[in-house]
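Chemist: Quick one, what's the 3D model for this:
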Amino acid sequence: MSLRVFHVVFITVSVALMLYLTVWGVRDFMAARSSLGISMIIFGVAGGVSLIWYGTRVFHKLKELP
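Modeler: Below you'll find the predicted structure:
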């Protein structure tokens with residue numbers, strides 16, 4: 001498995017997990033109005049955006065490799 005393929009798989013799975021965390025936080029907040037739900041939403045969105053930013057930077061850099 002090449003470094004490029006590993007990063008594609010890793011970033012895709014990680015963004016999916018951040019999306020799941022965000023949905024879980026929304027459902028928890030709607031059910032219990034807890035601050036934990038808001039924390040999960042904020043962490044999930046921030047993590048997902050950060051991972052997408054990281055993924056695009058790495059993909060552009062790995063495109064230059066043979």
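Chemist: And residue 59, how close does it get to residue 19?
Modeler: In this structure, residue 59 and residue 19 are 19 Å apart, going by Cβ to Cβ, to the nearest Å. To be clear about C-beta, it is placed using only N, CA and C from the backbone, and glycine gets the same treatment.
Chemist: again with residue 25
Modeler: Looking at residue 25 against residue 19, where the rule is Cβ to Cβ, the gap reads 11 Å.
Chemist: who has more neighbours, those two?
Modeler: Per other Cβ atoms under 10 Å, whichever of residue 25 and residue 19 has more neighbours is residue 25, with 21 against 14.
Chemist: And residue 17, how far from residue 64?
Modeler: The value you get for residue 17 to residue 64, if Cβ to Cβ is used, is 28 Å.
Chemist: so who does residue 38 touch?
Modeler: With Cβ atoms under 8 Å, 6 or more residues apart in numbering as the criterion, the residues that contact residue 38 are 25, 29.
Chemist: For this protein, which segments are assigned as helices?
Modeler: Secondary structure of the chain (DSSP state H): helices at 3-32, 35-63.
Chemist: Those helices into JSON lines, with extra columns for mean pLDDT?
Modeler: Supplementary listing: the helices of the chain in JSON lines, determined by pLDDT from 0 to 100:
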{"stretch": "helix 3-32", "mean pLDDT": "95"}
{"stretch": "helix 35-63", "mean pLDDT": "94"}
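Chemist: so residue 43 makes contact with residue 21?
Modeler: Yes: the pair formed by residue 43 and residue 21 meets the contact definition of Cβ atoms under 8 Å, at 6.7 Å.
Chemist: Would you mind telling me which of these two has more residues around it?
Modeler: Summary of the neighbour comparison: residue 43 and residue 21, criterion other Cβ under 10 Å, with residue 21 having more neighbours (17 against 14).
Chemist: How about the more buried one, nearest residue that isn't a chain neighbour?
Modeler: Closest residue in space to residue 21, ignoring its immediate chain neighbours: residue 44 at 3.9 Å, by Cβ to Cβ, 6 or more residues apart in numbering.
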